[in-house]
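*Asks:* turn this into a model:
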Amino acid sequence: MSMSRRSFIKRAAFSGMAVTAVLSGADVAAASINSGNEFASIINLTKCDGCKNFGTPSCVAACRSKNQNRFPQAQKPIGDYWPQTKHEDWSEKQELSNRLTPYNWTYVQHLQVEHEGQEYEIHVPRRCLHCDNPPCASLCPFGVNEKMPEGPVLINPNGCFGGAKCRDVCPWEIPQRQGGVGLYLQVAPKYAGGGVMYKCDMCYDLIQKGQQPACVSACPNNALIFGLKGDMHDYARQWAQENSGYLYGLEEHGGTSTIYLSAVPFEAIHDAILNQEIDGKPGKPAMPVGVGNILDEPAGMAQGFLIAPVAGLLGAGLSVYKIMTGADNDENNEA
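*Replies:* Residues are numbered from 1 along each chain as shown. Okay, the predicted model is just below:
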């Protein structure tokens, strides 16, 4: 009896051979042709050793290398976010690889996790989870966040004003802002936004070419795998059953396109992150278990619209109007 490629991948996954469950480039290309085929990734924390023998984890280095030509080039001096007296500028800290920044879209958290009287060394790659129903896309006041059919959630840097509402509604505070770049400099530098938001895009351009995300290809331990979402979910559930393990991302925030596998509960991982103080503050981004989606409840929707207020759009519209009518020039001349 003949067996289709899809069937082979699923059976291989169930047998525990995770690497064979990964779609090859040809598989990705073939699947992309068929509409409705969505991809997902698995991050197996029992296999990730944090690349302790490397200066920078392989997934982090691969992400930085692949995306460096897209990193923001800030115009100095950077103005504050009106009416606030502050702005975010990471341009002098581009080398940081131990946290999320506009120049570092994935990193690895190194944790000491206690569970049932034992201490575990856990390494957690962190990046955008690419939610199934992302509030960042639904509530962006400028409409530049989009959930793609293949799974990634993208931010269009050419239209982003850096209002950071996407970060406000993200339970993991993933998107990071860089001031001094973006459309607001041409449209309303005094009144709107204050930069551009940046985050992982699941290497969407590589997926379109039939290739795997850079972090997946670079992992030396096959801790990251990538394939059709249904296959990845089936594999994750089977793995959890066979290993008495724990999953994160299948249910959290209404479901995501990134599933973590762990031998210890994610409640313990969440607590370890909070106990890992950084500059005297609790560690983050935390991993709250069972966190809900703000779009799932009417009250959450109302809260979401407060987070992404219409006032922001009105302010931007007022600024554009003033520029178009020359009002700003008149004020400058009077000054």
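
*Asks:* who's Glu121 bridged to?
*Replies:* Note on Glu121: beta-bridge partners by DSSP bridges are Gln112.

*Asks:* pLDDT (mean, whole number) over stretch 155-169?
*Replies:* The predicted model assigns stretch 155-169 a mean pLDDT of 93.

*Asks:* alpha carbons of that stretch, as PDB, please.
*Replies:* Extracted in PDB, the C-alpha atoms of stretch 155-169 (Å, rounded to 0.1, in the frame of the first residue of the first chain):
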ATOM      1  CA  ILE A 155       4.300  44.100  11.300                       C
ATOM      2  CA  ASN A 156       4.600  46.400   8.200                       C
ATOM      3  CA  PRO A 157       7.500  48.700   9.100                       C
ATOM      4  CA  ASN A 158       6.600  51.100   6.300                       C
ATOM      5  CA  GLY A 159       3.300  52.000   8.000                       C
ATOM      6  CA  CYS A 160       4.000  51.500  11.700                       C
ATOM      7  CA  PHE A 161       3.900  54.600  13.900                       C
ATOM      8  CA  GLY A 162       5.400  52.900  16.900                       C
ATOM      9  CA  GLY A 163       2.400  53.400  19.100                       C
ATOM     10  CA  ALA A 164       3.300  50.200  21.000                       C
ATOM     11  CA  LYS A 165      -0.400  49.100  21.300                       C
ATOM     12  CA  CYS A 166       0.700  45.700  20.000                       C
ATOM     13  CA  ARG A 167       3.000  45.300  22.900                       C
ATOM     14  CA  ASP A 168       0.300  46.400  25.300                       C
ATOM     15  CA  VAL A 169      -2.100  43.700  24.300                       C
END
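
*Asks:* buried ones in that stretch?
*Replies:* Using 16 or more other Cβ atoms under 10 Å as the test for burial, stretch 155-169 gives 155, 157, 160-169. For glycine as for every other residue, the C-beta is placed from the backbone atoms N, C-alpha and C.

*Asks:* stretch 80-100 too?
*Replies:* Across stretch 80-100, burial judged by 16+ other Cβ under 10 Å covers 81-82, 87-91, 94, 97, 99-100.

*Asks:* so the nearest residue to Gly182 once chain neighbours are set aside bridges to which residues?
*Replies:* Nearest residue to Gly182, sequence neighbours excluded (Cβ to Cβ, 6 or more residues apart in numbering): Val196, at 4.0 Å. In this entry, Val196 is beta-bridged to Gln178, by DSSP bridges.

*Asks:* thought Val196 was touching Gly163?
*Replies:* No. Using Cβ atoms under 8 Å, Val196 is not in contact with Gly163, being 10.3 Å away.

*Asks:* quick one on the thing from earlier: quick check: the residue nearest to Gly182 vs Ser65, distance?
*Replies:* Separation of Val196 from Ser65 (Cβ to Cβ, to the nearest Å) stands at 21 Å.

*Asks:* which pair in the buried residues of stretch 80-100 spans the largest distance?
*Replies:* For the buried residues of stretch 80-100, the farthest-apart pair by Cβ to Cβ is Trp82 and Ser97; their separation is 31.9 Å.

*Asks:* near Ile205, how many other residues are there?
*Replies:* Actually, residue 205 is Asp. It isn't Ile. Around Asp205 there are 13 other residues, counting by other Cβ atoms under 10 Å.

*Asks:* tell me the phi and psi of it?
*Replies:* Dihedral pair for Asp205: phi -70, psi -30, per degrees, to the nearest 10.

*Asks:* tell me the contacts of it?
*Replies:* For Asp205, the contact set (Cβ atoms under 8 Å, 6 or more residues apart in numbering) is empty.

*Asks:* show the pLDDT at it.
*Replies:* Looking at Asp205, its pLDDT stands at 97.

*Asks:* again with Pro57
*Replies:* Note on Pro57: pLDDT of 98.

*Asks:* Cys63 is in contact with that one, correct?
*Replies:* No. With contact defined as Cβ under 8 Å, Pro57 does not reach Cys63; the gap is 9.5 Å.

*Asks:* among the buried residues of stretch 80-100, name the least confidently predicted one.
*Replies:* At the low end of pLDDT for the buried residues of stretch 80-100 is Trp82, which has 78.

*Asks:* quick one, what contacts that residue?
*Replies:* Under the criterion of Cβ under 8 Å, 6+ apart, the contact list for Trp82 reads 190-191, 194.

*Asks:* of those, buried ones?
*Replies:* Among the contacts of Trp82, those classed as buried by 16+ other Cβ under 10 Å are 191, 194.
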